[in-house]
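S.K.: based on what follows, work out the 3D shape:
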Amino acid sequence: MKRGPAPVPIRRAALAAVLAATLGPVAGAHGAASPAAAPAAAHGAPTRPPTLAEVLAASPASDWRPLDPARTLYVELDAGRVVIELAPAFAPRHLDNLATLVRQRWFDGVAVVRSHDNYVVQWGDPEGTRPLGAAARTLAPEFDRAAAGLAFTRLPDGDVYAPEVGFVDGFPVARESAAGRVWLAHCYGMVGVGRDAAADSGNAAELYVVIGHAPRHLDRNVTLIGRVVDGLPLLSALPRGTGPLGFYERPEQRVPIRAVRHAAELPEAQRTRLEVLRTDSPTFERAVEARRNRHDGWTVRQAGRVELCNVPLPARAPGG
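M.R.: Next up is the predicted model:
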C-alpha cells in the first residue's frame, strides 16, 4: 500500500492507503466546583475576578442549551460512547451524505484505522471496499461559507491564520470580513472529513478527530462537520499506530466501531443528556475573560490574551 508523504487526514481509497482532528464536559462545571463568587475581602477591599469554575457555577440556566438530537451523532465503541455535535450550517452536503451512510448502517463494524500522536484519530472502512449504497462517492468541498446570516462572537486577541476568530453557535471559527467568508477551525476535538488529493474526494465515509495541538494549517483544506462534546478521551488515549502517519499495521490493532447513530434515532432514555454553554451568552464572555486572565491562586502572571483553540467550550449534564 502506498502512503503519501504529507501527514494530512484523508479518505482511504479502495486498495490504496490513506495519503494523508474543546474541551469535553468541564469537571468544574459539575463536581467539585469552586464557590459561585469569591468572598468579599475585609473592610470593603475589592474582590478578585472569578475563576472559570466560579463563572460556570454562577451561570444561569438560560446561558446553556441542550444538544439537538437531530444534529447529534453517537459513535459507539466497546469502551463507551463518543458524542459529536454536528454543524449543518457549515457542511450541509457532507452531513446529508453522512446521514445516508448512518441510515444504511454503513459504519457498523468499521474501525479506527489510525491514531497519530499529537494529531488525529481516524476511522472508516479498513479495506476501502465497502459499497457506499445510496451515498455519494465524491462531494464538492465545504471548506468555508458566506459569513452573512451567522451570529459571530468575536475573540479580541487576534490570530495567526485569519484576520478574525471567534465562535458561531458553539463552534470555533475564523472569518475574513473583506471577502465575506467564514470557516470552522481545526481546534482540539473538531471532526473532519478525510479526503484524497482531489478537493472533491471526501464523502464523510472516513472521519477524523483532532486529538493534539490544533493543526490550523488544515483550515479551508478539509471539510469540518462538528466537534466532540463528550467521550473524547476514548479516542485521544488510544494506542498510537505503529505505521507511517500513525496507521495501524495489523488488524488486531484496530479499534472496532460497533455502531454510529443520530441521537434522534434512539429512544430518549438511551440518549446522552448534555447541554453546552452558549457562545453568545454573558457567561461565555466572562469565561473567555477568565481564561485570558487567570485568577486561580496558582497563576503568577496573567497572559492577558487567549488563542482561539484555548478557549473552553464547556458541556455538562443538564442543570450542571
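S.K.: okay, now the unreliable bits of the stretch 101-250 of the chain?
M.R.: Scanning the stretch 101-250 of the chain for pLDDT under 70 picks out nothing.
S.K.: which stretches of it form helices?
M.R.: In the stretch 101-250 of the chain, the helices defined using DSSP state H, counting those that start in this stretch lie at 233-236.
S.K.: strands along that one, start to end?
M.R.: Remark: strands assigned in the stretch 101-250 of the chain by DSSP state E, counting those that start in this stretch are 111-115, 120-124, 145-146, 153-154, 164-168, 171-176, 181-184, 190-193, 207-210, 224-230.
S.K.: for those, which one sits closest to Leu52?
M.R.: Of all the strands of the stretch 101-250 of the chain, strand 164-168 sits nearest to Leu52, with 15.9 Å by Cβ to Cβ. For the C-beta atoms, the positions are set from N, CA and C on the backbone; glycine is no exception.
S.K.: give me the sheet partners of the closest one and which way each runs.
M.R.: strand 153-154 (antiparallel), strand 171-176 (antiparallel) (DSSP bridges).
S.K.: count of neighbours near Ala79?
M.R.: For Ala79, the neighbour count with other Cβ atoms under 10 Å is 13.
S.K.: might one say that it is in contact with Leu234?
M.R.: Yes - Ala79 lies in contact with Leu234 (Cβ atoms under 8 Å); the separation is 5.1 Å.
S.K.: any idea which of the strands paired with strand 164-168 is most buried?
M.R.: Each of these was scored by mean neighbour count; the highest is strand 171-176, a mean of 23, by mean count of other Cβ atoms under 10 Å.
S.K.: can you check what angle separates it from strand 224-230?
M.R.: Strand 171-176 and strand 224-230 are oriented at 150 degrees to each other (axes from the mean of the first three to the mean of the last three Cα atoms, to 10 degrees).
S.K.: got a list of contacts for strand 171-176?
M.R.: Contact partners of strand 171-176, identified using Cβ atoms under 8 Å, 6 or more residues apart in numbering, comprise 87, 90, 147, 152, 159, 161-167, 181-185, 187, 190, 219, 226-227, 279, 308-309, 311, 313.
S.K.: change it to 6 Å
M.R.: Contacts to strand 171-176, defined as Cβ atoms under 6 Å, 6 or more residues apart in numbering, come from residues Ala87, Ala147, Ala162, Pro163, Glu164, Val165, Val182, Trp183, Leu184, Ala185, Cys187, Leu308.
S.K.: CA atoms only: put that strand into PDB for me.
M.R.: Output of strand 171-176 as PDB, limited to C-alpha atoms (Å, rounded to 0.1, in the frame of the first residue of the first chain):
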ATOM      1  CA  PHE A 171     -18.000  26.100  17.200                       C
ATOM      2  CA  PRO A 172     -14.600  27.800  16.900                       C
ATOM      3  CA  VAL A 173     -14.400  29.700  13.600                       C
ATOM      4  CA  ALA A 174     -12.200  32.100  11.600                       C
ATOM      5  CA  ARG A 175     -13.500  34.900   9.400                       C
ATOM      6  CA  GLU A 176     -12.300  37.100   6.600                       C
END
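S.K.: and Thr72, how many neighbours?
M.R.: Thr72 has 23 neighbouring residues, counting by other Cβ under 10 Å.
S.K.: correct me if wrong: it contacts Ala263.
M.R.: Yes - distance between Thr72 and Ala263: 3.9 Å, which falls inside the contact criterion (Cβ atoms under 6 Å).
S.K.: secondary structure class for Arg301?
M.R.: Classification of Arg301 by DSSP: H, G, I helix; E, B strand; the rest coil places it in coil.
S.K.: who's in contact with the nearest residue to Arg137 once chain neighbours are set aside?
M.R.: Using Cβ to Cβ, 6 or more residues apart in numbering and skipping the chain neighbours, the partner closest in space to Arg137 is Asn203 (5.8 Å). Asn203 sits next to Asn97, Ala136, Arg137, Leu139 when contact means Cβ under 6 Å, 6+ apart.
S.K.: try 10 Å
M.R.: 11, 93-94, 97-98, 100-101, 132, 135-139, 193-195, 223 (Cβ atoms under 10 Å, 6 or more residues apart in numbering).
S.K.: next one: it relative to Arg278, how far apart?
M.R.: Using Cβ to Cβ, to the nearest Å, one obtains 32 Å as the distance from Asn203 to Arg278.
S.K.: what does Ala70 give?
M.R.: Taking Cβ to Cβ, one finds Ala70 at 18 Å from Arg278.
S.K.: higher neighbour count, the two?
M.R.: Shown here are Ala70 and Arg278; by other Cβ under 10 Å, Arg278 has more neighbours (18 against 12).
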